[in-house]
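Engineer: With the input below, show me the fold.
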Amino acid sequence: MNLPILVTGATGNVGRAVVTALRARGLPARPGLRDATGDPDAVVLDFLRPETFAPALAGAGGLFLLRPPPIADVGPTLNALVDVALAAGVRRIVFLSVIGADKRGYIPHAKVEKHLAQSTAEWTFLRAGFFAQNLGDAYRPDIREHHELFVPAGAGRAAFVDVRDVGEVAARTFAEHGHVGAAYTLTGPEALSFDEVAVLLTKALGREIRYARPGVVRYLWRLRKRGLPFAQAVVQAVLHVGLRYGQAEDIDPTLASLLEHPPRTLAQYIADHLELWR
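Structural biologist: All right, here's what the predicted structure looks like:
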């Protein structure tokens with residue numbers, strides 16, 4: 001693909017990984033940012049400003065689409081961007097979805113999947129599990145300030161997937177044939193409890209990190225104290241409570257097959273990013 005690929009969410013963990021992986025394959029990446037200053041390849045794209053859609057897509061050959069966590073209403077945002085892309089002649093669209101989107105029609109990702117499936121797009125769905133990068137993002141303040149993992153997951157386990165691997169898969173779906181109409185479940189190679197994650201962090205950092213096992217109310221209170229909007233805090237709580245019931249513990253071999261090498265482990269992610277928690 002010689003035309004640029006517009007990458008939404010390009011300042012986030014996944015978006016950055018996709019841009020990096022595309023460029024590593026020699027594919028032109030066009031980061032879509034609310035503030036495009038500082039990157040000569042970037043364009044202004046704001047899901048809440050539809051007037052930015054058409055200029056951002058002008059001359060593009062593909063679209064990598066993801067949902068920023070603050071956006072719950074996907075109709076006038078993500079789905080509207082899809083429609084503008086198709087009207088501009090952009091058919092190849094890769095969407096970062098979540099595991100279970102095909103079974104839980106009420107979640108925003110499912111609504112985007114349905115919209116794409118009913119369109120003329122040449123789509124691919126990447127249904128990812130829990131990200132290893134949560135440790136360096138959402139969980140980082142608790143690890144640094146309180147030496148603990150503070151999530152209401154109980155004894156649940158998660159097959160953490162590294163966004164660097166997700167980015168590589170995304171780049172492959174643009175570079176290779178055979179991915180149109182596919183929905184890939186992407187998980188890491190092992191399912192770990194948060195007690196086991198705490199042990200990995202303890203060994204790597206040389207100080208004790210414990211798993212606090214808070215209840216939902218305590219968890220919501222801490223997120224709100226940090227300034228997270230209530231709706232986002234509730235979504236985070238629901239996702240972590242779901243781990244108690246095995247919603248993210250299944251290990252799927254698809255990622256290794258697509259990568260043609262073993263996926264990164266959580267221990268590898270921690271070893272590569274020790275400076276985040278020191």
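Engineer: Name the nearest residue to Gly75, sequence neighbours excluded.
Structural biologist: Spatial nearest neighbour of Gly75, chain neighbours left out: Lys111 (7.5 Å); criterion: CB to CB, 6 or more residues apart in numbering. (Glycine included, C-beta is placed from N, CA and C.)
Engineer: now Pro189
Structural biologist: Nearest non-adjacent residue to Pro189, counting by CB to CB, 6+ apart: Pro263, 5.0 Å away.
Engineer: Could you report the neighbour count for that neighbour?
Structural biologist: Pro263: 27 surrounding residues under other CB atoms under 10 Å.
Engineer: ok so it is a helix residue?
Structural biologist: No - looking at Pro263 with DSSP: H, G, I helix; E, B strand; the rest coil, it is coil, so not inside a helix.
Engineer: Next one: it from Ala128, what distance?
Structural biologist: The gap separating Pro263 from Ala128 is 12 Å, by CB to CB, to the nearest Å.
Engineer: just Gly178 next, same as before
Structural biologist: Separation of Gly178 from Ala128 (CB to CB): 20 Å.
Engineer: more crowded one of those two?
Structural biologist: Shown here are Gly178 and Ala128; by other CB under 10 Å, Ala128 has more neighbours (23 against 9).
Engineer: Show the pLDDT at that one.
Structural biologist: Predicted confidence (pLDDT) for Ala128: 96.
Engineer: what does Phe230 give?
Structural biologist: pLDDT, Phe230: 89.
Engineer: Now do the residue nearest to Gly129 when sequence neighbours are not counted: how many residues are near it, please.
Structural biologist: Nearest residue to Gly129, sequence neighbours excluded (CB to CB, 6+ apart): Thr187, at 4.4 Å. When neighbours are counted by other CB under 10 Å, Thr187 registers 25.
Engineer: measure Thr187 to Leu78 for me?
Structural biologist: Plainly put, Thr187 is 24 Å away from Leu78 if you go by CB to CB.
Engineer: Val241 now?
Structural biologist: In terms of CB to CB, Val241 sits 26 Å off from Leu78.
Engineer: Which of those two has more residues huddled nearby?
Structural biologist: Using other CB under 10 Å, the more surrounded residue of Val241 and Leu78 is Leu78, with 24 against 18.
Engineer: Kindly state the pLDDT recorded for that one?
Structural biologist: 97.
Engineer: I figured it hits Val112, correct?
Structural biologist: Yes - with contact defined as CB atoms under 8 Å, Leu78 reaches Val112; the gap is 5.2 Å.
Engineer: tell me the phi and psi of the residue nearest to Gly129?
Structural biologist: phi -130, psi 170 (degrees, to the nearest 10).
Engineer: Could you find the closest non-adjacent residue to Val161?
Structural biologist: Distances taken as CB to CB, 6+ apart put Gly188 closest to Val161, at 4.4 Å, once the chain neighbours are dropped.
Engineer: Verify the stated contact: that neighbour with Pro263.
Structural biologist: Yes - between Gly188 and Pro263 there is a contact under CB under 8 Å: 5.7 Å.
Engineer: joint contacts of these two?
Structural biologist: Here Gly188 and Pro263 have Val161, Asp162, Leu255 as joint contacts, going by CB atoms under 8 Å, 6 or more residues apart in numbering.
Engineer: what's near enough to touch the first one?
Structural biologist: Think Val161. Contact analysis of Val161 by CB under 8 Å, 6+ apart lists Ala128, Gly129, Phe130, Phe131, Ala132, Leu186, Thr187, Gly188, Leu255, Pro263.
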